Each structure stands twice: as structure tokens, then as C-alpha cells.
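Trainee: no sequence on hand, only this structure:
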């Protein structure tokens, strides 16, 4: 963990001269309070066994107890895969690690780092929805494979035919709040048997061109591979041939990019998916050729997050799951996200108006 913390601290937590007038209690500016500050202090504790100066002002327990917290947090951070990158992820790690400690201490520690308090975090479910719609055709699952009894259960009872593995998501692959492009490695047995002959030939020719340093030819061959719906990606320092899939999140409809709250909705999905390996249960294909499915990011059900944070509507025309309706109602009652507006325009009505030229 030391290397990961050192990297994060080195890039994020060294205050500049211009920041010196606004340093927080733990030696970083307001701009860097959060994940980077916590990483810095854990790295410092790992090397010195000293808790940060000023923490006493925020918590009620002794220095000895504080040291115990940091030992636990260091271990939790070491075991986290991947380590926290957002304030919410860091807050959840702290809350989970210190769940048996005094509420005042946990909230004080979070406040010390400017992290979200427990009552402000969206409470997420675990596992798959209990009322998966009928007609699931197949499942994508991320690298590494995450096998659970629940998934096996639903594979057997809901018509899922097979399971695929996807590579980490690039932020640019998120089109809006309900659509993302993913890539599935052709090392997957099902994918490897379906790679077109012309793509296989282009891969071989591209490698030969690269060996001869004929990069113009290699790029030309890669374009041919891309046009066929594949791409050569770098994964774990190796070139991986992957197949492209466009995924439409089933059961939700997010604001279009030109609509109010469209950017915020997309940004939330980027934050949830970027750099993650996703598990996707696919139900079918829409008229635009996109796979329609449920997305899981590190075990978190993406549609649940988007609905609970008010970043999307429940798309009742295509999905009647009661969980989705419940999560939408929760966001409406809290007036979060798009529900902060008294009468947000529904995206399907917005699209209809544009088609009819209104």
C-alpha cells in the first residue's frame, strides 16, 4: 500500500506556496482535503505511527484509540481493490472499517478530511435486483471474474445463457447518463471462437508491420480492425484484442446531453464506471443496436446509484421492476439531482418534441 499512498500523496498532497495561507488542520489546502489528504496521513502513519496533528479537535477518543483507527484504516486501504479514488469511496471505507466505534469519532474523522458524512451517502443495495425481468439473454462480467451464488442463481432461473468478461472502462466511452461503450477480451472462450477471419488476419499482419517498424501500415490495419467492431487495447502491459459493445442501461432514462442536468448525469456515470471492470447482464438489443442491460461496477448496481442520486428517471415503459420505482421515489422525496427542479422535463418527451420539430 505504501507505494500507492506515496504516489497519491506525491501528486495531490504537497501544498504549494500559493496555498500556504489556506492550509487545513492536517497540512493541505481546502482544494486537496479528502482522499489525497487521508492517503497522505495513512502513508505518514505507516512510517511514523503518528496520527495527524489537530485530529483531537474533531474526535472524542484518546490518541491511543486514534492510532488504533489508523492501523485499521491502513489495513483496509491495503486490501481495497481498487483503492478509494473519490470522496464517497473513501468515506465508505472509513465508515465500514470503523463501524463498531463511536459515532462521534467516525463523523469527526470524516469531517476532519472533508469527507461525506454517513447521512449524506446514498445507501446502496447488495447483490442483484430481486425481481430481474424475464428474457435475459446473456451476461457480461468484468475482469477479474466475480462469481457469486446470487449470480449463479439468476443465471439458472432468469434465462441468462452465458457470461462474458469486460475490460476497464475509459471515461470517454460514457456517452451520457445511460449509455456506455465497453470492450470484451477475445481471450474469453465464447469471443475467441467468433473473431472474424479478416480480423485475425489483420492482427497477424499488424504485428508483422510493427516488427518492421512500419507504423503507418500498422495503424491502417488497426483501423480495419476497429471498423470490424474490435480494437487492440493495452491491459496489464499487454496488447489485448477486444470486441466492442455499446450498452444501454436498462430501466432508466437519463437527461440528454443538451437537456438540463444532462452533463451532471453523465459525470455521475463517469465517476461510477471510469477505470472499472463491469459486470453487465444483457437482456436484448434495442433498435440502435445497443445491448440493453444491468451494469455492476465493483458490485454496485449502476442503475440504483443513478436513480437514488436523481440522475435519471425510471423508464417504466420498458422496465417495471419495483426496486427502480422505489429508488426514484426516494430521490424525488429528497429533491436531489434533477428533482431539485419543480418540473423536470422527461427525456422521452424531449426527444419526441425534437422529432416532431416543436
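Mentor: Alright, I've got the coordinates. Predicted, not measured: the structure shown is a model, and the values here were computed from it. Residues are numbered from 1 along each chain as shown.
Trainee: which pLDDT value belongs to the closest residue to residue 91 other than its chain neighbours?
Mentor: Residue nearest to residue 91 in three dimensions, not counting chain neighbours: residue 115, with 4.2 Å by C-beta to C-beta, 6 or more residues apart in numbering. No exception for glycine: its C-beta is placed from N, CA and C like everyone else's. At residue 115, the model reports a pLDDT of 86.
Trainee: what residues are up against residue 115?
Mentor: 34, 38, 87, 90, 91, 94 (C-beta atoms under 8 Å, 6 or more residues apart in numbering).
Trainee: regarding it, what is its secondary structure?
Mentor: coil (DSSP: H, G, I helix; E, B strand; the rest coil).
Trainee: residue contacts, the nearest residue to residue 275 once chain neighbours are set aside?
Mentor: Among residues not flanking residue 275 along the chain, residue 168 sits closest, at 5.2 Å (C-beta to C-beta, 6+ apart). By C-beta under 8 Å, 6+ apart, the contact set of residue 168 is 143, 235, 275, 276, 277.
Trainee: okay, now the unreliable bits of this protein?
Mentor: Residue ranges of the chain with pLDDT under 70: 1-33, 125-165, 358.
Trainee: now with 50, please.
Mentor: Within the chain, the stretches with pLDDT under 50 are 1-32, 130, 132-162.
Trainee: follow-up on the earlier one: among the contacts of residue 115, which are in helices?
Mentor: Secondary structure from DSSP state H places 38, 87, 90, 91, 94 of the contacts of residue 115 in helices.
Trainee: pull the most distant pair out of the residues you listed.
Mentor: Comparing every pair within these by C-beta to C-beta identifies 87 and 94 as the most remote, at 10.6 Å.
Trainee: wait, residue 231 touches residue 245, no?
Mentor: No: between residue 231 and residue 245 there is no contact under C-beta atoms under 8 Å: 11.3 Å.
Trainee: what do these two both touch?
Mentor: residue 183.
Trainee: flag every buried residue along the top helix by length along the chain.
Mentor: Using DSSP H, we find that the single longest helix of the chain is helix 63-79. Under the neighbour-count criterion of 16 or more other C-beta atoms under 10 Å, helix 63-79 has 66, 69, 70, 73, 74, 76, 77 buried.
Trainee: same question for stretch 205-221.
Mentor: Neighbour count says stretch 205-221 has 206, 209, 210, 218, 221 buried, by 16+ other C-beta under 10 Å.
Trainee: quick revisit: look at residue 87 and residue 94 and report which has more neighbours.
Mentor: Higher neighbour count among residue 87 and residue 94: residue 94, with 25 against 18, using other C-beta atoms under 10 Å.
Trainee: touching, the more buried one and residue 72? I think so.
Mentor: No: counting by C-beta under 8 Å, residue 94 does not reach residue 72; the two are 9.7 Å apart.
Trainee: how near is residue 307 to residue 118?
Mentor: With distances taken as C-beta to C-beta, to the nearest Å, residue 307 is found 20 Å from residue 118.
Trainee: same drill for these two, tell me which one is more crowded.
Mentor: residue 307 (28 against 15).
Trainee: check contacts around the more buried one.
Mentor: 252, 314, 324, 327, 328, 330, 331.
Trainee: what does the first one show for phi and psi?
Mentor: To tie it back to what came earlier, the one meant is residue 252. The phi and psi values for residue 252, taken as degrees, to the nearest 10, are phi -130, psi 160.
Trainee: count the residues that sit near it.
Mentor: Neighbours of residue 252 (other C-beta under 10 Å): 25.
Trainee: quickly list what it is bridged to.
Mentor: residue 314 (DSSP bridges).
Trainee: quick one: it and residue 314 touch, right?
Mentor: Yes: Residue 252 lies in contact with residue 314 (C-beta under 8 Å); the separation is 6.5 Å.
Trainee: quick check: neighbours shared by the two?
Mentor: Common neighbours of residue 252 and residue 314 (criterion: C-beta under 8 Å, 6+ apart): 307, 324.
Trainee: hang on, the earlier thing: so of the buried residues of stretch 205-221, which two are at opposite extremes in space?
Mentor: Going by C-beta to C-beta, the pair spanning the buried residues of stretch 205-221 furthest: 210 and 221, at 9.3 Å.
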